[in-house]
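Colleague: coordinates for the following, if possible.
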Amino acid sequence: MITIAICDDDSAVVGEIGRLIRESQIFSEKAAAVTAFASGAELCAALDKDKYFDLIYMDIEMDDVDGITTGQLLRDRYGYDSTLLIYVSSHTKYHGRLFDVQPFQFIQKPVDPDEFARKLKLAVSKIERGNEVFIYKKGHGFFQVKKKDIVYLESRGHHIILSVAGAENVKYRGVFKDEAEKLDNTFFIQPHAAYIININHVRAFEGAQIVMDNGGLVSVSRHRARDVKMAFMDFGEK
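Modeller: Here you go, the predicted model:
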């Protein structure tokens, strides 16, 4: 079941997005639960009750709590880093302010049905890939974590440091190349020979370092800097 929220103070837009989701061929085979909110405050009230959404369609200009502020609360206060945000707005002037909330896509009003269907398909595909697991061996046991929860892998001698969101780092013996091959390029890029990072968990680029959302700092090799930047900018289209 994929959970979707629509947050917009224009009831006509809410109805249109809901209709496009219901009529999508994707959900003729998959189940979806869609919840509508007339304001950012209403959505935050649901998040206060630990409600989780895989995907949120969000207006930017709303009277009480605007869409950018709501997105920041979603990431910072509630810690929902894996939720995909698609902003739906008639204004493109806010693009520069959207970086901090890491939106997945932007759709301009009036909504074009073909564009909507294409970006919904991308979102559903990314959500499903995000449920894949990473399996590692520590001692005599095998353990697994969801790939979307991995912040980074670090090579440290003959050991791997696995950083997972909301948990302590795990250290285990392994070959970095073999572990890296378990992670495809949907979420993961290699900014340095000793690191694989999850783009979902990037907070900021600062010079030759990447700041992860758990506070970790990852070096960017000079010859990889351009590719890393391009990978991040193209992330929403994958």
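
Colleague: pick out the residue closest to the middle of the chain.
Modeller: Taking CA atoms, centre = their mean, the centroid of the chain lies closest to Ser82, which sits 4.2 Å from it.

Colleague: so who does that residue touch?
Modeller: The contact partners of Ser82, by CB atoms under 8 Å, 6 or more residues apart in numbering, come to 54, 130, 148-149, 200. For the C-beta atoms, the positions are set from N, CA and C on the backbone; glycine is no exception.

Colleague: now do Lys147
Modeller: Counted by CB under 8 Å, 6+ apart, Lys147 has contacts 129-130, 132-134, 183, 187, 198.

Colleague: farthest pair within those?
Modeller: Put simply, by CB to CB the two of those set farthest apart are Val133 and Asn198, 13.9 Å from each other.

Colleague: more crowded one of those two?
Modeller: Asn198 (25 against 12; other CB atoms under 10 Å).

Colleague: could you measure from that one over to His192?
Modeller: Distance, Asn198 to His192, using CB to CB, to the nearest Å: 14 Å.

Colleague: same check, this time on Gly79
Modeller: 26 Å.

Colleague: for these two, indicate the residue with more neighbours.
Modeller: Taking other CB under 10 Å, Gly79 and His192 do not tie; His192 has more neighbours (19 against 13).

Colleague: isn't the more buried one up against Arg222?
Modeller: No. Under the criterion of CB atoms under 8 Å, His192 makes no contact with Arg222, lying 10.1 Å away.

Colleague: so where's the chain shaky on pLDDT?
Modeller: 28-29, 93-99, 185-186, 232-238 (pLDDT under 70).

Colleague: what about the helices in it?
Modeller: In the chain, the helices defined using DSSP state H lie at 11-23, 40-48, 67-76, 113-130, 176-180, 225-233.

Colleague: okay, the ones you listed in a markdown table with distance to Gln209 next?
Modeller: As requested, the helices of the chain are exported to a markdown table (distance: least, CB to CB, whole Å):
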| stretch | distance to Gln209 |
| --- | --- |
| helix 11-23 | 38 |
| helix 40-48 | 31 |
| helix 67-76 | 20 |
| helix 113-130 | 26 |
| helix 176-180 | 20 |
| helix 225-233 | 11 |
